[in-house]
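Student: Can you look at this prediction? I've put the sequence above it.
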Amino acid sequence: MPYAKPLETLYAARSWRLAIGVAIFVNSVVLGAITEAPEGSLMAWRLGRADEALLALLVFDALLCIVVKRLAVLHSGWDMFDIGVTLASLSPSVGVLSAFRVLRVVRVMRLISFVPRGRATVDALLGALRNMAAAFMILAVVFYSFVVIATNLFRDIDPAHYGTLGRSAAHLYSVMVSLGSNLESEKVFAAEPWSLMLFGAFIVVASFGLLNMFIAVLVAALKEQLDRENVAEERAHFERLEQKIDALSAAIEALRLREREETRPPFTTAG
């Protein structure tokens, strides 16, 4: 295709990638301003036109990515993410489909692709979540055990929080995520002072223990991902260096052959 090379040059140009990053950032600001602007006002109309112009630029970048990379796009999760997030903003504001217009705010997430080490951090997070499957299962077992224990012990004392398994689960979940900061209003402490030890054990095991385990796995996964990227960059650097050395060696060898040809005595024949 005669136009493929110029499009590849444009898409890979640092200035173009920087312009798209700036456009995504400005678009995130515009989307927030649209939410605050009074509906039907002149400001809302101007912000809407700016949003449409920025969306057109982002759609052009998504189409450019498809044209340049072709089927390789299907093998890149980040390219599929960028294209999907952009194209999701094109849903028409008609009937039920108008609800999907809210997805335009997801365009802000494309900034992750432009943050240094942003992709590595997200990849490490996803890897950590996969590695945390066993930890989440342990957490579920521990949480369920405490839910059953709390329901059986405190349903008569505080039925509003422990009357059913569902209520106990919802309340203990709030205790877990708040690290016990909402326990000041617990009614069961007055009736059963020893229950403080039960809640203490629950917070230590469910909150501190497994949370620290998750952080440790996340840090390890992030370090592994960054090390993998550094190794890939160093390998590419060494490959380029080897190519330069090979080219230099070939040039030196050619120069030596030329010098030998020039210093070789002329061929003479006996008379």
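Tutor: That came in fine, so what should we check first? Residues are numbered from 1 along each chain as shown.

Student: For L255, give me its contacts.
Tutor: Neighbouring residues of L255 by Cβ atoms under 8 Å, 6 or more residues apart in numbering: there are none. The C-beta positions use only the backbone N, C-alpha and C, and glycine is treated the same way.

Student: Could you tell me which residues within stretch 203-214 count as buried?
Tutor: 203, 205-207, 210, 214 (16 or more other Cβ atoms under 10 Å).

Student: Put the alpha carbons of it into CSV.
Tutor: In CSV, the C-alpha atoms belonging to stretch 203-214 read as follows (Å, rounded to 0.1, in the frame of the first residue of the first chain):
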residue,chain,number,x,y,z
ILE,A,203,-9.3,-7.9,62.1
VAL,A,204,-5.8,-9.3,62.5
VAL,A,205,-6.4,-12.4,60.3
ALA,A,206,-8.8,-11.0,57.7
SER,A,207,-7.5,-7.4,57.4
PHE,A,208,-3.9,-7.1,58.4
GLY,A,209,-2.6,-10.6,57.5
LEU,A,210,-4.2,-11.1,54.1
LEU,A,211,-3.9,-7.5,53.2
ASN,A,212,-0.2,-7.6,53.8
MET,A,213,0.0,-10.8,51.9
PHE,A,214,-1.7,-9.2,48.9
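
Student: can the buried residues of stretch 203-214 go into TSV with extra columns for secondary structure and pLDDT?
Tutor: Output for the buried residues of stretch 203-214, formatted as TSV (DSSP: H, G, I helix; E, B strand; the rest coil; pLDDT from 0 to 100):
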residue	secondary structure	pLDDT
I203	helix	83
V205	helix	82
A206	helix	78
S207	helix	74
L210	helix	71
F214	helix	72
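
Student: Reformat those residues as a markdown table; add distance to A133.
Tutor: Converted to a markdown table, the buried residues of stretch 203-214 look like this (distance: Cβ to Cβ, whole Å):
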| residue | distance to A133 |
| --- | --- |
| I203 | 23 |
| V205 | 19 |
| A206 | 17 |
| S207 | 19 |
| L210 | 13 |
| F214 | 12 |
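
Student: Max pairwise distance over those: which two?
Tutor: Maximum pairwise distance in these, criterion Cβ to Cβ, is 15.5 Å, between I203 and F214.

Student: Render the CA-only coordinates of stretch 41-48 in PDB, please.
Tutor: Taking Å, rounded to 0.1, in the frame of the first residue of the first chain, the C-alpha atoms of stretch 41-48 are listed here in PDB:
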ATOM      1  CA  SER A  41     -26.100  26.600  28.700                       C
ATOM      2  CA  LEU A  42     -23.700  28.100  26.200                       C
ATOM      3  CA  MET A  43     -20.800  26.600  28.200                       C
ATOM      4  CA  ALA A  44     -22.300  23.100  27.900                       C
ATOM      5  CA  TRP A  45     -22.600  23.600  24.200                       C
ATOM      6  CA  ARG A  46     -19.000  24.700  23.800                       C
ATOM      7  CA  LEU A  47     -17.700  21.900  25.900                       C
ATOM      8  CA  GLY A  48     -19.800  19.400  23.900                       C
END
